[in-house]
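In: the sequence and its predicted three-dimensional model are supplied below.
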Amino acid sequence: MTEHRLSVDAEPYEFEFDPKRTALIVIDMQRDFVEPGGFGEQLGNDVSQLRRVIKPLQNVLAAMRKAGYTVIHTREGHRPDLSDCPPSKIARGRLSCGIGDAGPMGRILIRGEKGHDIIEELKPEGDETVVDKPGKGAFFATDLDFILQNRGIGSLVVTGVTTEVCVNTTVREANDRGYECLVLEDCVGSYFPEFQDYALRMVKAQGGIFGWVTSSAKLLAAIEAGQSVGGRV
Ligand code: TIU
């Protein structure tokens, strides 16, 4: 297979990738994080802060689906018996209504409950992979690495929530495993504006210590200028 590389304007310098070996990863765009009544709100957060990523992420999803890229969604959550949830995670925050407890959208962060699922606007389509993860990082205690290896993926376009928690943890895990990560600044969101700023700066500092950062507009321009992936690896 001949390599067909695209380049996108990014920080700290241009990000080069082979579309056939690149996947879009959409992290934890679940009701429990972006709608009232879920885990995010129970932690004391204003969920409306995260909703600004929905529209640009819809555009990126549509363009990358159309061009034939691999698309992977993740969901943070646990088995109904909580056997995959560390007691320390359940206890954290001393919440009156926390992980496993009944909330307005079902049991909080429990697989199969309404709140745990991905929001309607960004629902997985067709054979897109959904990775259920018990931790903040998408590689911890999941088969994500195995799936990416089987598909020959070496680069990740990273989107989702929250920038400083699950996105940052996943980028660090991916980087240590040899993946090259491009984070889309308008497609990742934080409950805290200052954390958004610093979490992105942490990724791209020191010559791109964990990866690259760009905007969805710049990535879409690069994808449109290139050709479609033309079938998976
Ligand atoms: N609390 C917070 O900012 N995030 C999480 O608990 N999970 C994810 O980021 N997905």
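Out: Here it is on my side, so go on. Numbers count the residues shown, from 1 in each chain.

In: tell me the contacts of residue 202?
Out: By CB atoms under 8 Å, 6 or more residues apart in numbering, the contact set of residue 202 is 168, 209, 210. (C-beta placed from N, C-alpha, C; glycine too.)

In: cutoff 7 Å now
Out: Taking CB atoms under 7 Å, 6 or more residues apart in numbering, we find residue 202 in contact with 168, 210.

In: what does residue 131 give?
Out: Residue 131 makes contacts with 72, 74, 138, 142, 144, as judged by CB under 7 Å, 6+ apart.

In: out of these, which is most surrounded?
Out: Per-residue neighbour counts (other CB atoms under 10 Å) across these peak at residue 138, which has 29 neighbours.

In: I'd assumed residue 27 was in contact with that residue.
Out: Yes: taking CB atoms under 7 Å as the definition, residue 138 is a contact partner of residue 27 at 6.5 Å.

In: need the residues touching each of those two.
Out: Shared contacts of residue 138 and residue 27, defined by CB under 7 Å, 6+ apart, are found at 74, 170.

In: for the lengthiest helix in the chain, what is the average pLDDT?
Out: Criterion DSSP state H: the longest helix present in the chain is helix 193-208. The average pLDDT within helix 193-208 is 98.

In: just stretch 36-50 next, same as before
Out: Summarised as a single mean, pLDDT over stretch 36-50 is 93.

In: buried ones in it?
Out: Neighbour-count burial for stretch 36-50, counted by 16 or more other CB atoms under 10 Å, picks out 37, 38, 39, 40, 41, 42, 45, 47, 49, 50.

In: ditto for stretch 100-107
Out: Neighbour-count burial for stretch 100-107 [16+ other CB under 10 Å]: 100, 103, 105, 106, 107.

In: now for the first one: which residues touch it?
Out: With contact set as CB under 7 Å, 6+ apart, residue 100 has these partners: 82, 90, 107, 108, 110.
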